[in-house]
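Novice: my questions concern the predicted model and sequence given below.
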Amino acid sequence: MKLEVFCGTGGVGKTSLSCSRAQFLSGQGHQVLLMTIDPAKRLKQLLNLKEKDAGYVVQLDKNLSVLLMSTDVTLKRICGNFKNHILETLSDPYGGLNEILSVVELTEQIKNKDYDYVILDTPPGKHFLDFLEALQKIESFFDSSFIEMFQYFGNKRPKFFDRLFSSGLKKLLSYLEKVTGEGFVDDFVNAISILYQNREKFLEALSFNSLVQNSHITTWYLVTACDQSKSSEAMILQSKTERYFKNPGILIINKCQGPIVKSWTKKQRDLLRPFNQAALNREQELIENAEKSFKTTLLFPELLSSLAEGQMSEMIHCWSKNK
């Protein structure tokens, strides 16, 4: 099984590229799972999926399956149909558990060994870094000292308070409950207890770290565009991910004009030279700088088609040339 991770800042075509990659590989006869953990779910629009599909594997054809990450569905699969206001808030797409549960869901899908390739479309920029840091958060949450604390859990709130909290903390929480409303502390205790009782599923996700660092299994693509600000953001992101990936990765420079200009006649190039020379120079500079940090650089041209189907077809053709 191979894992391919697509990351980058917003607006560079990351989701379109990961989608076209999945379609290219499935067209080669491989069993492919395309998974997006981006709460924006642009993949839903690209593939004309429904919101009710989120959280479940959808079979698009005999070789290609798609999974739109849903924190709510994943958390309920792990913990059952709980009734807890705090967990319901946290399981909102932007509620704070998206990155942690994305690692858990991805690990589960990989463990099933149903696919030759898993293609992962990640959220942009900082949220991708949050995804990579999710393993540390899981490890910290379920560390030994935290686990010892839960040995004191009782069925009744007074027993919990007597054993666990100092009088000062009791007072603080009682004040907090006056602000947040009656039942907050009970909800808090119950939420932590639910997560702790289902900790095995979270701890299984820690194996994802060794998977990501295995260069024989994981390939990561950093997607950028031929724009000064986008390329600068990409290099910053690359520097922050070095400690997570052992291999240098592949840089995709999207929306390039160079491949298009090469197909023009000399007359066309001469006519438009004043307008595109600066862009071509910027592309060349970006390519030369990329050679210092990446083992491979792939160029994807500015798409000529305005229709999603046409764009996918053009990108799939580029993958066939780059394989």
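Specialist: That came through fine.

Novice: which residue lies nearest the spatial centre of the chain?
Specialist: Centroid-nearest residue in the chain: residue 122, 2.6 Å away (criterion: CA atoms, centre = their mean).

Novice: thinking that one is in contact with residue 4, fair?
Specialist: No: using CB atoms under 8 Å, residue 122 makes no contact with residue 4, being 11.0 Å away. Bear in mind the C-beta positions are built from the backbone N, C-alpha and C, glycine included.

Novice: number of nearby residues for residue 291?
Specialist: The local packing of residue 291 (other CB atoms under 10 Å) involves 11 other residues.

Novice: now it, nearest residue through space, not along the chain?
Specialist: residue 297 (6.8 Å; CB to CB, 6 or more residues apart in numbering).

Novice: one more: residue 199?
Specialist: Residue 199 sits nearest to residue 142 (CB to CB, 6+ apart), 5.1 Å away.

Novice: the one you found: neighbour count?
Specialist: For residue 142, the neighbour count with other CB under 10 Å is 17.

Novice: thought it was touching residue 202?
Specialist: Yes: if you go by CB under 8 Å, residue 142 and residue 202 touch, sitting 6.4 Å apart.

Novice: return the distance of residue 221 relative to residue 285.
Specialist: Separation of residue 221 from residue 285 (CB to CB, to the nearest Å): 21 Å.

Novice: same check on residue 65?
Specialist: 40 Å.

Novice: now do residue 312
Specialist: Applying CB to CB to residue 312 and residue 285 gives a distance of 29 Å.

Novice: these two: who's more crowded?
Specialist: Applying other CB under 10 Å to residue 312 and residue 285 shows that residue 312 carries more neighbours, namely 19 against 13.

Novice: helices or strands up against the helix or strand where the more buried one lies?
Specialist: Assigned by DSSP states H and E, residue 312 falls within helix 308-322. Using 3 or more CB pairs under 8 Å, 6 or more residues apart in numbering; DSSP states H and E, the elements in contact with helix 308-322 are helix 14-27, strand 296-301.

Novice: can you list contacts of the last one?
Specialist: Taking CB atoms under 8 Å, 6 or more residues apart in numbering as the criterion, the residues outside strand 296-301 that touch it are 13, 17, 250-260, 283, 287, 290-291, 314-315, 318, 322.

Novice: whichever of those end up buried, select them in PyMOL.
Specialist: Buried residues within the contacts of strand 296-301, by 16 or more other CB atoms under 10 Å, are selected in PyMOL with:
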select buried, resi 13+17+250+251+252+253+254+255+256+257+258+283+287+290+314+315+318
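
Novice: pull the helix or strand with minimum mean pLDDT from this structure.
Specialist: Scoring the helices and strands of the chain by mean pLDDT, DSSP states H and E places helix 157-164 at the bottom, with a mean of 48.

Novice: residues touching residue 33, list them.
Specialist: 57, 65, 66, 67, 109, 114, 115, 117, 118, 119 are the contacts of residue 33 under CB under 8 Å, 6+ apart.

Novice: just checking, residue 120 is part of a helix?
Specialist: No: assessed with DSSP: H, G, I helix; E, B strand; the rest coil, residue 120 is strand; it does not lie in a helix.
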